[in-house]
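J.: what follows is a predicted protein model with its sequence.
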Amino acid sequence: MPRVASLCLPDLAIERLLPGDGRAGGQLDPPRPAAPPPRNDGWRPGARWASAPTPVPPERPAGDGRPPLATVCRDGQRRILAALSAAARAAGLMPGMALSQALALAPDLIVRAADPPGDAARLTRLALHAARCWSPVTQVCGTDGLWLDITGCAHLFGGERGMAAHILRFCARIGHHARIAIADSVGAAHALARFGEAALTLCPPGEQARMLAPLPVVALRLDPALLATLRRLGIDTVGALATLPRAPLGRRFGQEVLLRLDQAFGRVAEPIAAIVPGDAPAATLRFAEPIADAAAIQAAVTRLTAELAGRLAERGLGARLLRLDGVRVDGADQCILVGTARASRDPAHLDRLFRLRLERIEPGYGLDTLRLVALRCEILAPQPIATGPETDLAPLIDRLAGRIGTGRIYRVGAVESDVPERSIQRGNPLVVPPGWPDRWPRPVRLLSPPEPVDHVLVELPDLPPRRFRWRGRLYTVARADGPERIYGEWWKRPAEAEAVRDYFRVEDETGARFWLFRRGDGEDGRSGDMRWYLHGLFG
């Protein structure tokens, strides 16, 4: 028996504008939670913790603490509300209301322009993800939902309830409140997802008539004029409409009413026009005779990169991650992964990146096939030609990453923090970090972690050291400046509520300059243990 799931995202247009949503960074493929630390009782990663049931996200309350938010569109010369947040609905606003009237009812209303193409693109991305991960038969339904044919798929998620809960949790992670229903027909699932009592509704097989009976007739997707006529006649629910004789009902209201009833009750099939995910851009070469010579492999890779670049250009894309697959005559697979710092479809550049790693291919008795696939792509639109002396660092970074690895190339940027070792972070080498604060001088090199020094000669509590030993060598201080007192970040770590560091810039007799600090204020033992450390070097 066919089973259909209807996923409804009632606040899609609003949630795209909220922090943490699709526009502000929410991804359709969120990272998995970090695994708990291993124990000594036979626990293995991904076993019990991954299979433990996770509760279904609760229904969103009417007020979530945010100010009311609405999107507006034009209706002739009027500006009307298109989509509303929960806070806006709680304030008495409704879709279609004039903006002037809405501002009179809710003066703190935040207004944003409606973006139907953006909403449709977001929904299409979710449908493509669903087609890849949940059900291959997925269709976009209107502007706020999806239909999924889950026949034969639910057992992969532990049953229909487990699959529905998994989908709801995924939507919650990417910032969307969702409702889902599963029934025998598209019409029944669609109605229960939008007008059912719970966020997750399972309709038992053959029980559509009973489950749909208390729902309003608008759940049948009828024409608005027909709905107005039914309301005037006092027909408010699907059950009341279904009990009327079919022949008079068809003559009075037309065949649309009978068709929607039959579709909802499963008497008439309603096909799902499945969305088909596009294949990743790829280029393939099959050889009449196996190749094993390095020059022949390089020539084949050059041809593949040129062919793939052309296909990327046709789609307006640039590659960020590419994979070269080689199949040997003995059936063994060879694989090379290459990434780029910026989307690129320059065949010469991509060819150079693969040449740096071709020695990792072991052709054995020869390669029968080579295939180049762009696993990750981004839109690459035409860019203006730079007129200044600026140099594009992306090709250089890609070549360096091919030799020493992507994790070893980064750019250091500043982070707002009082603790020096926490005030820097590694970032994208192509992104220019914000300027460094110049209020306090900092050394050009920080030691991580700070190295202890001993044999410190100092007069407490506030005078700089006169002598110290570091790495077995004794240094005599000729000049010094300080102290610069830094307190612990008590709002991040409760253990640092009373922690204090006193930093000194010192210079020895040879002109070498050091950055020393003492843990503690020199008076109260609760502020630190009074030990000295070398944290950085100047010049």
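T.: Perfect, I can see it now.

J.: Leu128: what's its closest spatial neighbour, skipping adjacent residues?
T.: Pro277 (5.0 Å; CB to CB, 6 or more residues apart in numbering). From N, CA and C alone the C-beta is placed, and that goes for glycine too.

J.: same question for Val218.
T.: Nearest to Val218 is Leu227, by CB to CB, 6+ apart, at 5.8 Å.

J.: count of neighbours near the one you found?
T.: The burial count assigned to Leu227 is 16, neighbours taken as other CB atoms under 10 Å.

J.: show the average pLDDT along the helix or strand encompassing Ala295.
T.: Per DSSP states H and E, Ala295 falls inside helix 294-315. Mean per-residue pLDDT for helix 294-315: 92.

J.: likewise stretch 94-101?
T.: Per-residue scores along stretch 94-101 average to 90.

J.: am I right that Pro483 is in a strand?
T.: Yes: under DSSP: H, G, I helix; E, B strand; the rest coil, Pro483 sits within a strand.

J.: quick check: chain neighbours aside, which residue is closest to it?
T.: Per CB to CB, 6+ apart, closest to Pro483 is Asp502, 3.8 Å.

J.: if we can go back for a sec, am I right that the residue nearest to Val218 is in contact with Ala219?
T.: No: Leu227 sits out of contact with Ala219 when judged by CB atoms under 8 Å, with a separation of 10.4 Å.

J.: now the residue nearest to Val218, what's its secondary structure?
T.: helix.

J.: so who does Gly402 touch?
T.: Contacts for Gly402 (CB atoms under 8 Å, 6 or more residues apart in numbering) come out as Val338, Leu353, Leu356, Arg357.

J.: what about Ser6, how many residues nearby?
T.: Neighbourhood size, Ser6 [other CB under 10 Å]: 26.

J.: please report how far it lies from Met530.
T.: Taking CB to CB, to the nearest Å as the measure, Ser6 falls 67 Å from Met530.

J.: show me what contacts Leu148?
T.: Going by CB under 8 Å, 6+ apart, Leu148 touches Val4, Ala5, Ser6, Leu7, Ala130, Trp134, Ser135, Val137, Thr138, Gln139.

J.: cutoff 10 Å now
T.: Contact analysis of Leu148 by CB atoms under 10 Å, 6 or more residues apart in numbering lists 3-7, 127, 130-131, 134-139, 141, 163, 167, 180, 182, 186, 189, 272, 274.

J.: ChimeraX command to pick out the buried ones of these?
T.: Buried residues within the contacts of Leu148, by 16 or more other CB atoms under 10 Å, are selected in ChimeraX with:
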select :3,4,5,6,7,127,130,131,134,135,137,138,139,141,163,167,180,182,186,189,272,274
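
J.: so which of the contacts of Leu148 belong to helices?
T.: Judged by DSSP state H, those include Ala127, Ala130, Ala131, Met163, Ile167, Val186, Ala189 as members of helices.

J.: contact partners for the third one?
T.: When the contact criterion is CB under 10 Å, 6+ apart, the partners of Ala131 are Val137, Thr138, Gln139, Leu146, Leu148, Ala274, Ile275, Val276, Pro277.

J.: how many neighbours does the fourth one have?
T.: It refers to Leu146. Counted with other CB under 10 Å, Leu146 comes out at 29.

J.: identify the residues contacting it.
T.: Contacts of Leu146 (CB under 10 Å, 6+ apart): 5-9, 123-124, 126-127, 129-131, 134-135, 138-140, 167, 178, 180, 193, 272, 275.

J.: what of the last one?
T.: Each residue near Pro277 by CB under 10 Å, 6+ apart is listed here: Ala127, Leu128, His129, Ala130, Ala131, Arg132, Pro136, Thr138.

J.: next one: the second one
T.: Contact criterion CB under 10 Å, 6+ apart gives 5, 7, 126-132, 146-150, 272-277 as the residues in contact with Thr138.

J.: can you give me the strands for the stretch 251-400 of the chain?
T.: Using DSSP state E, counting those that start in this stretch, the strands found in the stretch 251-400 of the chain span residues 282-291, 317-328, 333-344, 367-379.

J.: so how far is stretch 133-147 from its chain's centroid?
T.: How far stretch 133-147 lies from its chain's middle: 20 Å, per CA atoms, centre = their mean, to the nearest Å.

J.: how long is that stretch end to end?
T.: 14 Å (CA to CA, to the nearest Å).

J.: now that stretch: mean pLDDT?
T.: pLDDT averaged over stretch 133-147 gives 92.

J.: quick check: what element follows the lowest-mean-pLDDT helix or strand in the chain along the chain?
T.: Ranked by mean pLDDT, DSSP states H and E, the weakest helix or strand in the chain is helix 48-51, scoring a mean of 36. Scanning forward in sequence from helix 48-51 by DSSP H and E, the next helix or strand is strand 69-75.

J.: buried set for that following strand?
T.: Those would be Leu69, Ala70, Thr71, Val72, Cys73, for strand 69-75 by 16+ other CB under 10 Å.

J.: nearest to Phe468, of the strands of the stretch 251-400 of the chain?
T.: Among those, the nearest to Phe468 by CB to CB is strand 333-344 (43.0 Å).

J.: what helices and strands are in contact with that closest one?
T.: Secondary-structure packing of strand 333-344 (3 or more CB pairs under 10 Å, 6 or more residues apart in numbering; DSSP states H and E): helix 294-315, strand 317-328, helix 347-355, strand 367-379, helix 394-404.

J.: neighbouring strands of that strand in the sheet, and parallel or not?
T.: Paired with strand 333-344 in the same sheet, following DSSP bridges, are strand 317-328 (antiparallel).

J.: centre of the chain to the strand it pairs with, how far?
T.: 23 Å.

J.: any idea how this protein splits into domains?
T.: Following automatic domain parsing, one finds the domains of the chain at 1-10+123-167+177-277, 67-114, 282-379, 445-538.
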